Structure formats: structure tokens, C-alpha cells
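A.B. asks: mind looking at a prediction? Sequence and model below.
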Amino acid sequence: MNLPTREGFLEFRARIGTLLGSKEGTEARRRAVDFLESVARSEKPDPRDSDTFYLSLWILRAIDEQGFTTRALNTARDHVESAVKQSDPEDAVSYASSMGMRASFDYRSHRFLVPVFDFVATVKRVSGPTYRLVYQDVDSGTVRVSEDVFATLVRERFVALFLDLYNSIEVSEAREALSGYADMVESLGNLFRDLSRKWADVPGGLDFNSFPPCISTYLNQMRDGVNLPHMARFTLVSFLFNVGMDREDIMSLFRTAPDYNERMTRYQVLHVTGEISGKVYSPPKCAVLKSNHLCYAGDDAVCAREWLRHPLQYYSYKRRRKVP
């Protein structure tokens, strides 16, 4: 597998100065720009080769927009996951090792074997019972996992490793290395910021500016590739459906989630909105969100009102205030 590695990144770092001024560097820049432009548009481009990905990280460091970086890492991560699934078990284990995760493959059971410590340390960012230790086949300190679960573990190791490597680059170092291409860096940064602002145009004709701070925060976190806790997802889905967004538009919002799974997302949205359960759920009350550290009221004046008890109350109040 020709996938990004720590060693490859460090080798690229040592030669970035000479690469950028070469013919090879011109092609690498073109591929990196294509990749990052697609990422900014919330598409799922393939980095195509390791050098494209490494250079993209340097450009992202020069731009210094965490949301852009998170989205790019998650995009590359998805391609790593797919490659691991398609690879031979030995290659998959070898790549996991390069990501810092110990593993082996049992040909009799066709399961990957991962030490409990490595498993628990890796699944912190992944939601859902499929990845909870209590639901795993554990024997003598080893977790036996399927190909799909193993590929997910490797992808999460990939994100953690390359986020560390990204942070090892000083912003000033990246900008100096790319000083001859400042216009390119500025253009990509502006593209991401301009497209991010368009999130104010929420699908379904809803009034984003009337959303309570909790819902706005969840949406912004989703945009930036943050993995929302289960209750935040439930709150977001139930709120959006209750204020008029259709199911398909709600599902589309979750595509930037780190652990996005189309089948599972569809099931959860259809369940919360009553298509499967027969019951349309309401978002939790403000008190419940506060007790679960999911309230982002800050100094919002409406949230401070004594009568406010529920996110839907907030939206209804703000909408009424705008009626002539």
C-alpha cells in the first residue's frame, strides 16, 4: 500500500525546500490545490499520492484554519480506511504498525487481533456500540475484530498521527517554506472561509440566525469534522425536523462527521423523526443539555431568560420577534 506514513512525512519535510522549486514540485502543488479545493467544497477527493497529502498539510498549516485541516484529515482518512479494507491482512497489519498500533491476523478465524490497550486508546473518537469494548470478543487481553472494525481503528490512528505531525510544523515555518506561493495559500484559505459562511443558508429555508447557540454549535462542529456525542446528534436531528427540515437534508448534514456511515445515519434519522419508530421525538430540555455539558448559552440574552426551558422555545421566540 502506498499510503502516508510518519517516515514519509519526515522525509518530505527534509526536502520540501528543493521540491517546491522543481518540475516535480509544480505538479505536486497542482495536485495539492485540486485536493484542497475539493475538500473546501465538502467533496471527498482522493489525495492520489502521499506527496500530495504531505504538501497539503504544509499548505493547511500556513492557512491555519482548524476546520479546514480537520476536514482534509477526515477526507484522507476515509481513503486510508478503504485501502486497508482492500489490502492483504499482512499489509494491513504492517500499516497499522506504522501508525503505532500493535496487531496481528488470525487466519483460522479471519479476525485481526489487537491488544486491549491499543483498542481502547484508538476508539475514543468513534461513536456507536460496534466499537465499545463491552461488545467485543476479548480473550487474554486481546480484542478480536472484523476487517471493517480493524480498518476503522487504523483510520483513527492515521488521523491522530498526522494531526500530531501537522502540529509539529510551526505556522511561521510553513509560511516561510511557501512564501513564494502566498497567493495560492491566501486563495485556498479564502475559499474555505467563504464556503463555510454559506452554512448560514441552512437547507429547507430555515432561519439559521434564529437557532439557539447549542444547535448552531453542533452544526459548526459537524462542518469542521467534529464527532458529536450521541445526545448532541439526537438533539440536532430532532430539533431540525421539528422546525421543518426534511429527512434527506438532515442526513446530508452528517456527511462530514468523522465516523459517517450512510446506513446507520439513515436509520437514526428515520427513527428519531418517526418514520421507523412511529414517534416524532422532541429535543431534550435545556436542563438536560446543561447536565450533559452540551449547552453553549454563553452570554446569549435569550438563553438567560428565566422562562426559557427548551431549544424549540428559543427558535419560536426568535422567529416571532422577526414577524412584522
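C.D. replies: That came through, no problem. Being a predicted model, the structure only gives us computed values, none of them experimental. Residues are numbered from 1 along each chain as shown.
A.B. asks: can you show me the helices along the stretch 101-250 of the chain?
C.D. replies: Across the stretch 101-250 of the chain, reading from the start of the chain, the helices by DSSP state H, counting those that start in this stretch fall at 116-122, 147-167, 171-177, 182-197, 213-223, 230-242, 247-253.
A.B. asks: off-centre distance for the fifth one?
C.D. replies: Think helix 213-223. Averaging C-alpha positions (Cα atoms, centre = their mean, to the nearest Å) puts helix 213-223 13 Å from its chain's average.
A.B. asks: can you point out the buried residues in that helix?
C.D. replies: 213-219, 221-223 (16 or more other Cβ atoms under 10 Å). Bear in mind the C-beta positions are built from the backbone N, C-alpha and C, glycine included.
A.B. asks: now do that helix and helix 230-242, the angle between them.
C.D. replies: Interaxial angle, helix 213-223 versus helix 230-242 (axes from the mean of the first three to the mean of the last three Cα atoms, to 10 degrees): 110 degrees.
A.B. asks: tell me what angle helix 213-223 forms with helix 182-197.
C.D. replies: If you take the same axes, to 10 degrees, helix 213-223 sits at 140 degrees to helix 182-197.
A.B. asks: what's the answer for the longest one, then?
C.D. replies: Calculated by the same axes, to 10 degrees, helix 147-167 forms an angle of 130 degrees with helix 182-197.
A.B. asks: who are the packing partners of helix 147-167?
C.D. replies: Judged by 3 or more Cβ pairs under 8 Å, 6 or more residues apart in numbering; DSSP states H and E, the packing partners of helix 147-167 are helix 6-20, helix 50-63, helix 66-86, helix 89-98, strand 111-115, helix 116-122.
A.B. asks: which stretch among those comes nearest Leu289?
C.D. replies: Taking Cβ to Cβ, helix 66-86 is the member of the helices and strands packed on helix 147-167 nearest to Leu289, at 22.9 Å.
A.B. asks: start to end distance for stretch 237-247?
C.D. replies: From its first residue to its last, stretch 237-247 covers 9 Å (Cα to Cα, to the nearest Å).
A.B. asks: identify each buried residue in that stretch, please.
C.D. replies: Quick answer for stretch 237-247 (16+ other Cβ under 10 Å): 237-243, 245, 247.
A.B. asks: out of the residues you listed, the closest to Asn209 would be?
C.D. replies: Closest to Asn209 out of these is Val243 (12.8 Å), distances taken as Cβ to Cβ.
A.B. asks: show me where pLDDT drops low in this protein?
C.D. replies: Within the chain, the segments meeting pLDDT under 70 span 1, 127-129, 197-205, 256, 258-259, 322-324.
A.B. asks: quick one, domains of it?
C.D. replies: Listed by automatic domain parsing, the domain ranges of the chain are 6-193, 201-322.
A.B. asks: dump the host helix or strand of Ser316 to CSV, keeping only the CA atoms.
C.D. replies: Mapping Ser316 onto the secondary structure by DSSP states H and E places it in helix 311-322. What follows is helix 311-322 as a C-alpha-only set of coordinates in CSV (Å, rounded to 0.1, in the frame of the first residue of the first chain):
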residue,chain,number,x,y,z
PRO,A,311,-34.4,24.8,22.3
LEU,A,312,-37.6,24.9,20.4
GLN,A,313,-38.9,27.7,22.6
TYR,A,314,-35.8,29.7,21.6
TYR,A,315,-36.4,29.3,17.9
SER,A,316,-40.1,30.1,18.2
TYR,A,317,-39.4,33.2,20.2
LYS,A,318,-36.7,34.5,17.8
ARG,A,319,-38.9,33.8,14.8
ARG,A,320,-41.9,35.7,16.3
ARG,A,321,-39.7,38.7,17.0
LYS,A,322,-38.9,38.9,13.3
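A.B. asks: need the contact list for Tyr54.
C.D. replies: Residues touching Tyr54, when contacts are defined by Cβ atoms under 8 Å, 6 or more residues apart in numbering, comprise 4, 8-9, 12-13.
A.B. asks: what's the neighbour count on the closest residue to Lys44 other than its chain neighbours?
C.D. replies: Excluding the flanking residues, the one nearest Lys44 by Cβ to Cβ, 6 or more residues apart in numbering is Thr75, at 5.7 Å. For Thr75, the number of neighbouring residues by other Cβ atoms under 10 Å comes to 23.
A.B. asks: cool, Gln66 as well?
C.D. replies: Counted with other Cβ under 10 Å, the neighbours of Gln66 add up to 12.
A.B. asks: name the nearest residue to it, sequence neighbours excluded.
C.D. replies: Nearest non-adjacent residue to Gln66, counting by Cβ to Cβ, 6+ apart: Asp224, 6.9 Å away.
A.B. asks: now stretch 99-108: buried residues?
C.D. replies: Along stretch 99-108, these residues count as buried under the neighbour rule (16+ other Cβ under 10 Å): 99, 101, 103, 105.
A.B. asks: next, format those as JSON lines and append distance to Leu20.
C.D. replies: Listed next are the buried residues of stretch 99-108 as JSON lines, based on distance: Cβ to Cβ, whole Å:
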{"residue": "Met99", "distance to Leu20": "27"}
{"residue": "Met101", "distance to Leu20": "33"}
{"residue": "Ala103", "distance to Leu20": "36"}
{"residue": "Phe105", "distance to Leu20": "40"}
